[in-house]
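1. mind looking at a prediction? Sequence and model below.
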Amino acid sequence: MEAGFRAAGRKLLMPYTTGGLTDDWVEYLRAFVAAGADAIEVGLPFSDPTLDGPTIQEASDAALARGTTARGILADVTGLDFGVPLVASTYYNLVAHDGPERFCAALRDAGFAGLIVPDLPLDEAGELIAAAEAAGIELALLASVVTPAPRLAQIAERSRGFVYAVSLMGTTGERREVDAASAALVERLKAVTDRPVLHGFGITTPEHAARASRAADGVIVGAALVRRVLDGAGPEEVGGYLATMRRAIDQGA
Amino acid sequence: MADPGPRGRFGDHGGRYVPEPLVAACDEVAAAFQEAWADAGFRRSLANLLALHVGRPTPLTPAWRLSAELGIDLLLKREDLAHTGSHKINNVLGQALLASRMGRTRLIAETGAGMHGVATATAAALLGLEATVFMGEKDMERQAPNVFRMRVLGAEVVPVRSGSRTLKDATSQAMRHWVGVVDEAYYCVGSVIGPHPYPYMVRELQRVIGDEARGQCAAELPAGVPDFVVACVGGGSNAAGTFAGFVGTPARLVGVEAAGGAGAARGREGVLHGFRSSFLQDGDGQVTEAHSIAPGLDYPGVGPEHAHLRDLGRARYVTVEDGEVVEAAVRLARTEGIVPALESAHAVAWVIRAAASGELPPGASVLLTLSGRGDKDISTLMELL
């Protein structure tokens, strides 16, 4: 995944959706690819998503209420080729439930390239870092605006695929503005690593996406898309919105 | 019960599973507590508040009539007599003093039964801080008087409508809120749960229960130490504080959980709310909802040190059903003139059962921490009687 990102020759766009949110959830992934996604983040819903705001909480609850399981999500995408890497994201309890080795092997067998675990900070990540590496899964670590300098360098060094720059002090969700502190975080990261840095949290509009991807190597867009899915928008409509972000990024960056 | 070290580990349990934006805040709390706890001035301030505001030490009351009926020697550590009506205030005053020392102006808290919320609102009022308390909507309905008490004390009570609408979701929501306000607000966790240093810090702040009881037992009992030490366990703060005073003695430690919320007795290994411990979960790793007549025990997990004491075999965790809890509450009321909180009545229910079964041998001395008073549960009891 990381090699592909470095060779992309453009700013990166990584849309998110919650796996198993609707019957046709895989169609949204295809629409994301058609809209110009460089990778897709697939949420494996957890009962207690403590770093997610109301939109992704609602999506997680809705997916679980439909009987969605991590195993089912993996089965839904196994054998499909989207042409871009898939990145799973979930909370550590689901990883611990299977055990890191089994969990990472299952991701790999389903065709995933990467993994994000928001409630697993560097200090607790050793076991999963080793298991992911053994399975060939790139585990991306989170960096935040309050992470001190030496720790930021360690996170960038141990992260794989990209570094997830958590651009604001808060939960996932739509925002009016791109947080001013985020540019400084991206700059600090770029100073210590040549690994791609993706700006996540709060990216809501094409303007946000364009603005954030000036400093960063790209953006991750979640709640703004999931909100539309929850409101009943089909794959084509949500993909259409993502395409406006793609254009804004390509023109504005 | 030892210091869990810089990574907050009790055996395999504990740790700090928080999103990166909260790591610095946890580090700051850990460093501030370590410094404060080593500072005689801080300890003196806390001891003064516990004496003058809370009314400590709380008495050790022999339960004469119930003891005679059960054929044992039952002693009650009376946390129900602590100001605000439960042991929660011991922890909160310590953390509120710490928050002030750290320059924070607002306390955030989660609450189940409302006792931790009331204690937080009380400490905030006493120290001139603001308080924001997250409470599940379902708990707000069944514990309405505590909601009013918090509001009278000047706290903001925020209803939590997600998930089970009880303590688990209130805790998740408090953590989400904290991420956005770490500079001005201090997260005052109410039990021996959460990321390091909270399980350790809350146990240290609650050990006043066990330390006092140890001295009182030494004066009261011929053997100096009770045969059994019993306390109810939700997250497990009153039990942790009580056990801390007796873990180095031959006393047998028993934690009593709600049958529908038995994280220690029936959970499996997992990670939630910042710590690794034993949680109720389904076959897919989704955390399941706890069900108990006592809202303070409506938590699907247990503090990491309890999971560790269980693994070591040093403490045993047992469960009781809602029905026996109600009977035990009424029996204590009618034999001793004490209406216990339904949480505390779990410990009473186990003692009654174990005395009948012979698990508590005739003449056994039993220290039971009566963690809170039952005023908040009167309407629940009235409906059932």
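-> Ah, there it is.

2. for chain B, what's the nearest residue on the stretch 151-253 of chain A?
-> Nearest residue of the stretch 151-253 of chain A to chain B: residue A:170, at 4.2 Å (CB to the nearest CB). (Glycine included, C-beta is placed from N, CA and C.)

3. could you measure the closest residue to that residue other than its chain neighbours against residue A:53, distance?
-> Setting aside the residues directly before and after it, residue A:170 is nearest to residue B:180 in space (CB to CB, 6 or more residues apart in numbering or on different chains), at 4.2 Å. Distance check for residue B:180 against residue A:53: by CB to CB, to the nearest Å, it reads 10 Å.

4. report pLDDT for the residue of the stretch 151-253 of chain A closest to chain B.
-> As summarised for this prediction, residue A:170 has a pLDDT of 93.

5. which parts of stretch A:206-217 count as buried, going by neighbours?
-> Applying a neighbour-count criterion of 16 or more other CB atoms under 10 Å in any protein chain shown, one finds A:206, A:208-213, A:215-217 buried in stretch A:206-217.

6. equivalent analysis for stretch B:121-139, please.
-> By 16+ other CB under 10 Å, the buried positions in stretch B:121-139 come out as B:121-126, B:129-136, B:138-139.

7. and for stretch A:110-124?
-> By neighbour count with 16+ other CB under 10 Å, stretch A:110-124 contains the buried residues A:110, A:112-124.

8. how far does it sit from its chain's centre?
-> In terms of CA atoms, centre = their mean, to the nearest Å, the centre of stretch A:110-124 is set 10 Å apart from its chain centre.

9. ends of it, what's the gap?
-> 26 Å (CA to CA, to the nearest Å).

10. right, is it up against chain B?
-> Yes: judged by CB under 8 Å from any CB of the partner chain, stretch A:110-124 comes into contact with chain B at A:118-124.

11. and chain A, is stretch B:265-273 touching that?
-> Yes: for stretch B:265-273 and chain A, the contact criterion (CB under 8 Å from any CB) is met by B:269-273.

12. would JSON lines of these with secondary structure be doable?
-> Supplementary listing: the residues of stretch B:265-273 next to chain A in JSON lines, determined by DSSP: H, G, I helix; E, B strand; the rest coil:
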{"residue": "B:269", "secondary structure": "strand"}
{"residue": "B:270", "secondary structure": "strand"}
{"residue": "B:271", "secondary structure": "strand"}
{"residue": "B:272", "secondary structure": "strand"}
{"residue": "B:273", "secondary structure": "coil"}
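
13. just the buried residues of those residues.
-> Neighbour-count burial (16+ other CB under 10 Å) applied to the residues of stretch B:265-273 next to chain A gives B:269-273.

14. for the closest residue to residue B:328 other than its chain neighbours, grab phi and psi.
-> Leaving aside its sequence neighbours, residue B:328 sits nearest to residue B:349 (CB to CB, 6+ apart; 3.7 Å). Note on residue B:349: backbone dihedrals following degrees, to the nearest 10 are phi -60, psi -40.

15. and residue B:349, what does it touch?
-> By CB atoms under 8 Å, 6 or more residues apart in numbering or on different chains, residue B:349 lies in contact with B:256, B:320, B:324-325, B:327-328.

16. what's the most distant pair in the residues you listed?
-> Of all pairs drawn from those, the one with the longest distance (CB to CB) is B:256 and B:327, at 14.4 Å.

17. which one's more surrounded, the two?
-> Taking other CB atoms under 10 Å in any protein chain shown, residue B:256 and residue B:327 do not tie; residue B:256 has more neighbours (30 against 16).

18. wait, residue B:84 touches residue B:118, no?
-> Yes: assessed by CB atoms under 8 Å, residue B:84 is found in contact with residue B:118 at 5.3 Å.

19. neighbour-wise, which of those two wins?
-> Ranked by neighbour count (other CB under 10 Å), residue B:84 and residue B:118 place residue B:118 first, with 30 against 25.

20. what's in contact with whatever helix or strand that one lives in?
-> Residue B:118 is part of helix B:115-127, with elements assigned from DSSP states H and E. By CB under 8 Å, 6+ apart, the residues outside helix B:115-127 that reach it are B:49, B:53, B:83-86, B:88-89, B:91-93, B:95-97, B:100, B:106-107, B:109-111, B:129-131, B:133, B:135, B:146, B:149-150, B:153-155, B:157, B:188, B:190-191, B:296, B:341, B:372, B:376.

21. now intersect those residues with the strands, please.
-> B:106-107, B:109-111, B:130-131, B:133, B:135, B:157 (DSSP state E).

22. out of those residues, flag the one nearest to residue A:63.
-> Out of the ones in strands among the contacts of helix B:115-127, the member with the shortest distance to residue A:63 (by CB to CB) is residue B:110, at 25.1 Å.

23. with adjacent residues omitted, what lies nearest to whichever residue of the stretch 201-350 of chain B sits closest to chain A?
-> With CB to the nearest CB, the shortest gap between the stretch 201-350 of chain B and chain A falls at residue B:285, namely 3.1 Å. Among residues not flanking residue B:285 along the chain, residue A:97 sits closest, at 3.1 Å (CB to CB, 6+ apart).

24. for whichever helix or strand residue A:106 is part of, packing partners?
-> Assigned by DSSP H and E, residue A:106 belongs to helix A:100-109. Contacts defined by 3 or more CB pairs under 8 Å, 6 or more residues apart in numbering or on different chains; DSSP states H and E place helix A:100-109 against helix A:70-77, helix A:92-98, helix A:126-135.

25. change it to 6 Å
-> helix A:126-135 (3 or more CB pairs under 6 Å, 6 or more residues apart in numbering or on different chains; DSSP states H and E).

26. and the strands in the chain?
-> Just going to use chain A. So, for chain A - with DSSP E - the strands run A:12-18, A:40-43, A:86-89, A:114-116, A:138-140, A:142-144, A:163-166, A:197-200, A:218-221.

27. try chain B instead
-> Taking DSSP E as the test, the strands found in chain B are B:9-10, B:13-14, B:60-62, B:73-78, B:106-111, B:130-136, B:156-160, B:185-187, B:228-232, B:252-258, B:268-272, B:275-279, B:315-320, B:365-370.

28. burial measure for the residue of the stretch 151-253 of chain A closest to chain B, as a count.
-> 19.

29. if we can go back for a sec, any chance of the buried ones among the residues of stretch B:265-273 next to chain A in a markdown table, with pLDDT too?
-> A markdown table is the format used below for these (pLDDT from 0 to 100):
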| residue | pLDDT |
| --- | --- |
| B:269 | 96 |
| B:270 | 98 |
| B:271 | 98 |
| B:272 | 98 |
| B:273 | 98 |
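
30. centroid-nearest residue for chain B?
-> What sits nearest the mean C-alpha location of chain B, by CA atoms, centre = their mean, is residue B:237, with 3.1 Å.

31. pretty sure residue A:162 sits against residue A:199.
-> No: at 10.4 Å, residue A:162 does not count as touching residue A:199 under the criterion of CB atoms under 6 Å.
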